[in-house]
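S.K.: take a look and give me a structure for this.
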Amino acid sequence: MKERMKNKLLTFVVFAALAFGSLQFVAWISQMAFENTCIELQEQYIGTEVREVIDTIENSVNFGKELQNYYGMDGILERVCRISEGNLEAIVLDGAGEPLYLSFQGSKKNKRLLSYVYTKDYQEAAAGVGSGGIAGEKISLGGQDSMVFPIYKEQKELVGHLLVVYRQKELLEENDFSGLEQKKWIIWISASLFMAVFLFCKKDREQEGWHVRYMPVIVIMFGMSVNIFFMYRAYGEKYSVLVSRNAESAAVYIQASANDLLKKGLPVEEIDKVSGYLKQKAESNAAIESIAVVKSYYNTAEPAEGSNNAILNLDLLDGQAQLNVVVSQSYIEDKIFMMTLTFGAIFVVCLMITYELTHLAEIISVRVSREFNQETAGQMEAVGGQVKLLSFLAYTAIYTSMSYTAVIMRNWDASVFGLSRAVSASLPLTIELLGIMVCSVIIQRVFKDMDLTHIMLFAFAFLILGNAACITASSPYVLLFLRAFCGIGFGFLKYWLNAIVSAGSRDSEAVGRNYAQLNAGLLGGITAGASLGSILAQSLGYQFNYFFTAVLCALAFVFSAFAMPWGMLNRRRGRSAENAGAQPVRMINVLKNKTSFKAVVLGDIPLNIGLMYVVAFLPVYMNNIGHPTVAASYAYLVNGLTGVYLGVAMMERLKRLSKKVSCVVALFLGASGILILVLGSNVGIVMLSAGIMGLFDGYGTPTITSFFTSLPQVQRADTAGMLTVFNSVGSAVQIMCPVLYNMLIQPDGGTGYLLVFGICYAAAALMFLCLFRKKELEV
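M.R.: Just a heads-up that it's a prediction; the model follows:
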């Protein structure tokens, strides 16, 4: 009785803390996404108005003014600073990058700001804007942000740049979200009370296990749903106000420009001559549908009939005319729709994370029981759930940042070792995968007899320190070194997880079940991690993802140190090593054996090509055929969710099939996922393809791995070492997949190469069925 109460109390404390953390995280990341949109709107407005200033300067230069001796530049810089009062500074550079005019004087702070302008990196980046870069391109400037606008003479000769310097946070207006904060606390207290009722109220023994395992998770999910609903309503209203305010600010600026024209002598009755200017201003600001001047005798365009667009009316020249600015309702709806998609992605990710915690109550129960660290049925059964949650945490951490290293290299426009920028951008991931492969090959020779706890220390030390250092990396060569460092940690992690599965399984059937759990955690972690990384990068920048990876790795380390039965696992691992003999597994010996060679060529290689489908193929393919980025992110979610949940369910449904037939089914799934793209390229077909390939991942990985571990020569050797060789071949295949998949994508959207590739997959399935004889598979 005392043990049961202790178990319930610990479960309640853990889940109450998780509920609080979940609500805090959802609120924080949602606010970051909202603020990011606010900043985007402000930057859009600033860019629109500064381009008009650039037009003024260029017109003067074209008529003979020299930029170096530009009379009235102080007034122009003051005009720039007024665009967002108190938040902007302006600097004019000549063609050589030397500052000519400043909107600020020589305080210590501003001198430091000017010193950043002279740095080589900034000078090169700014010069790039004038040679094919985008006008208004954002470049970091000593902890601040800057927008760079080139100044041309007669649209040909680059004579200088205008820099607009600001801090993004200073562009944000104060928003009162105290009501949301109060609701969040009410939701958390209510959720905690509900969990206490379900956990501590007396109930039948048969129902108690279900209540303890699922009810806390259901309560947390419901609480997050309510919290997201309140945030959606609050942020939706703020978006409408924000877009209208952005349009109003632009309208006031246009009003001032039109008044200047009228004061300079343009007759009111000839104001329609500037209609082209007004149309250009409307097109340059997405928040504005149209702009027109209204006079009693002047025919102006009206919003479309039945439109909900709001109209802003501003007087010109003391009421002699009126400026009508139509706010784009469709733009507001698009922003709210994007917010809906963002909230949807956040909710799905949180749902996945929370669902994975259903094993936590069982893990806590075993941890506080007398069975912990003993080779009992209950402890052995619990290993599967422990491995799944541990794998989920670890892979969520790693894939939060792993997929985005190439984006950082592209943003730096980096070229290393004389390679092209495109190849240089893919180099960090390639080196990290090489680090994993090399580490996986040698680790079983050097660390074969080491305790799992010591291997755990090596793995997480490399991952935490390496990713933490990546946060401050500013050189592509440093980033390459650090990703190789992290690759070593990832190699340790993979071997360590395989060793846990091997040591925690009684027989080959248990190895297959536990590996299915490990793979389900892996797929869930990849999906949750990549989605989290995308949301975090949008709000805080790609390099912040490394910080989040380090934090999650630390959490995974704490969980594994607390929850895993290391004493039992090390005892079983030691006995397995004694039975297998002291000789380490060599890759050449695995590949020289005909049966294991066929398993690697017909199973391992197609499996790992399919595993890279969603990373190396899907985003590039969808971009090539013109689908929006948000569609790619949802395809990623579909792939992960089908793999994690339907793949495991399929394992249970088809468990009566022989291992060989199960592998053939998996390979035909891979062929189907590729061949279905031949039918068309609309979003529905792409989502279906992503789902089938997710099913291939979730069902095929444990099935093909279980087939490999059931081979006689594998069972007679060190299973963890054999799995490491199996995964090393997989890592080598994955390194080549980006090149392979890029060859399959035809610029014109053709599907001929995909058809051939899908047929090759189907051929591998048929060969797998025909080439393995029954005698080869008997132990």
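
S.K.: drop to CA atoms for contacts and neighbour counts, all remaining ones
M.R.: Fine.

S.K.: so where's the stretch 251-400 of the chain uncertain?
M.R.: 253, 257, 261-262, 264-287, 294-321, 361 (pLDDT under 70).

S.K.: which parts of it are strands?
M.R.: 288-294, 311-316, 321-327 (DSSP state E, counting those that start in this stretch).

S.K.: what's the answer for the chain, then?
M.R.: 89-94, 99-102, 137-141, 144-153, 157-166, 288-294, 311-316, 321-327 (DSSP state E).

S.K.: so for residue 391, which of those sits nearest?
M.R.: strand 137-141 (36.7 Å; CA to CA).

S.K.: which outside residues touch the closest one?
M.R.: 113, 116-117, 122, 125-126, 129, 145-149, 165 (CA atoms under 8 Å, 6 or more residues apart in numbering).

S.K.: I'd like these written out as TSV, with neighbour count added.
M.R.: Below are those laid out as TSV (neighbours: other CA atoms under 10 Å):
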residue	neighbour count
113	17
116	17
117	20
122	17
125	18
126	26
129	20
145	16
146	24
147	23
148	27
149	25
165	22
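
S.K.: now for these, which pair is the farthest apart?
M.R.: Once CA to CA is applied, these give 113 and 129 as the farthest pair, at 19.9 Å.

S.K.: which residues in the stretch 551-700 of the chain form helices?
M.R.: Ranges of helices in the stretch 551-700 of the chain, per DSSP state H, counting those that start in this stretch, are 566-580, 587-592, 594-599, 605-611, 618-624, 629-641, 647-653, 659-675, 683-709.

S.K.: out of the ones you listed, the one nearest residue 12 is which?
M.R.: Across those, closest to residue 12 is helix 566-580 (CA to CA), at 25.0 Å.

S.K.: thinking again about what came up before, rank the helices of the stretch 551-700 of the chain by pLDDT, which is bottom?
M.R.: Comparing mean pLDDT across the helices of the stretch 551-700 of the chain, the weakest is helix 587-592, with a mean of 64.

S.K.: nearest spatial neighbour of residue 183, chain-adjacent residues omitted?
M.R.: Using CA to CA, 6 or more residues apart in numbering and skipping residues adjacent in sequence, the residue nearest residue 183 is residue 227, 7.5 Å away.

S.K.: need the contact list for that neighbour.
M.R.: Residue 227 sits in contact with 23, 183-184, 187, where contact means CA under 8 Å, 6+ apart.

S.K.: chain center to stretch 554-572: distance?
M.R.: Relative to its chain's centre, stretch 554-572 lies at 29 Å (CA atoms, centre = their mean, to the nearest Å).

S.K.: contacts for it?
M.R.: Residues contacting stretch 554-572 (CA under 8 Å, 6+ apart): 363-364, 367, 372-375, 383, 386, 390, 393-394, 451-453, 456, 460, 464, 500, 503-504.

S.K.: rewinding a little: adding distance to residue 331, write the helices of the stretch 551-700 of the chain out as TSV.
M.R.: As requested, those are exported to TSV (distance: least, CA to CA, whole Å):
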stretch	distance to residue 331
helix 566-580	57
helix 587-592	58
helix 594-599	55
helix 605-611	38
helix 618-624	23
helix 629-641	17
helix 647-653	40
helix 659-675	36
helix 683-709	23
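
S.K.: give me whichever of these is most buried.
M.R.: helix 683-709 (a mean of 25; mean count of other CA atoms under 10 Å).

S.K.: now the angle between helix 659-675 and that helix, please.
M.R.: For helix 683-709 against helix 659-675, the angle by axes from the mean of the first three to the mean of the last three CA atoms, to 10 degrees is 160 degrees.

S.K.: what residues does stretch 640-650 touch?
M.R.: By CA under 8 Å, 6+ apart, stretch 640-650 touches 516-517, 520-521, 523-524, 526-527, 691-699.

S.K.: what do you get for stretch 15-23?
M.R.: By CA under 8 Å, 6+ apart, stretch 15-23 touches 184, 188, 191-192, 195, 216-217, 220, 223-224, 227, 350.

S.K.: what about the longest helix belonging to the chain, distance to the chain center?
M.R.: Ranked by residue count, the top helix of the chain under DSSP state H comes out as helix 2-62. Distance, stretch centre to chain centre, for helix 2-62: 14 Å (CA atoms, centre = their mean).

S.K.: follow-up on the earlier one: of the strands of the chain, which is nearest residue 610?
M.R.: Among the strands of the chain, strand 137-141 sits nearest to residue 610 (CA to CA), with 37.5 Å.

S.K.: now that closest one: buried residues?
M.R.: Under the neighbour-count criterion of 16 or more other CA atoms under 10 Å, strand 137-141 has 137-139, 141 buried.

S.K.: what do you get for stretch 152-171?
M.R.: 152-153, 158-166, 168, 171.

S.K.: next, format those as a markdown table and append distance to residue 737 and pLDDT.
M.R.: Listed next are the buried residues of stretch 152-171 as a markdown table, based on distance: CA to CA, whole Å; pLDDT from 0 to 100:
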| residue | distance to residue 737 | pLDDT |
| --- | --- | --- |
| 152 | 44 | 86 |
| 153 | 48 | 83 |
| 158 | 43 | 81 |
| 159 | 46 | 82 |
| 160 | 44 | 84 |
| 161 | 42 | 85 |
| 162 | 44 | 86 |
| 163 | 42 | 86 |
| 164 | 42 | 86 |
| 165 | 42 | 85 |
| 166 | 42 | 84 |
| 168 | 39 | 76 |
| 171 | 43 | 73 |
